[in-house]
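Participant: just need the structure, nothing else, for what follows:
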Amino acid sequence: QAVPAGSHVRLNLQTGEREAKLPDSENGQSDTREERRRKRLGKVDVDANSFTSQELKKALAKMKESEKAERKVRRVPKEEVRKKFRPTEQLKEEFEKLNMKMETDYEIMVKLISKFNSSASTLDEKVAALYDLEYYVHQV
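Facilitator: Numbering: from 1, shown residues only. Reported below is the predicted structural model:
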């Protein structure tokens, strides 16, 4: 049986039947979802036929203008971004000076695969390589 939206539905555990009841409002009458929406919106006419095509075009134009204005405000010049970040190659050089090697995920994955395929690796090393490889593959 179809039940109107906003109804209270329960399962009676003694009889095993499902029961439905429309919610009661303050005046003793039931409100459907549509009636509650009308009350919430007040005297606003939400009928789709009440807007003319010209009104809709004006509203869309205003939305586009405000969106363009927001984009202009959010846009950060490339020079400012470049000041905050350094290129990867420069970071690699600085890490090499500190005797630290920076590897990309791809390079690490290649090493793990070669360790797994190596006949010199023990079973424990191969299992560890698979667990580590699973982590990196999951990121990709």
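
Participant: can you tell me how far the residue in the chain sticking out farthest from the centre is from Ser114?
Facilitator: Centroid-distance maximum for the chain: Ala120 at 44.8 Å, with CA atoms, centre = their mean. Distance, Ala120 to Ser114, using CB to CB, to the nearest Å: 11 Å. Backbone N, C-alpha and C define where each C-beta goes, glycine included.

Participant: with Thr88 instead?
Facilitator: Distance, Thr88 to Ser114, by CB to CB: 23 Å.

Participant: now do Glu65
Facilitator: Computed as CB to CB, the Glu65 to Ser114 distance reads 57 Å.

Participant: Lys126 too?
Facilitator: For Lys126, the distance to Ser114 - CB to CB - is 11 Å.

Participant: which one of those two has more residues nearby?
Facilitator: Using other CB atoms under 10 Å, the more surrounded residue of Lys126 and Ser114 is Lys126, with 15 against 11.

Participant: that one sits in which helix or strand?
Facilitator: Here Lys126 sits within helix 123-139, counting by DSSP states H and E.

Participant: rounded mean pLDDT for that helix, please.
Facilitator: Mean per-residue pLDDT for helix 123-139: 91.

Participant: in it, what's buried?
Facilitator: Neighbour-count burial for helix 123-139 flags Ala129, Asp132, Leu133 (criterion: 16 or more other CB atoms under 10 Å).
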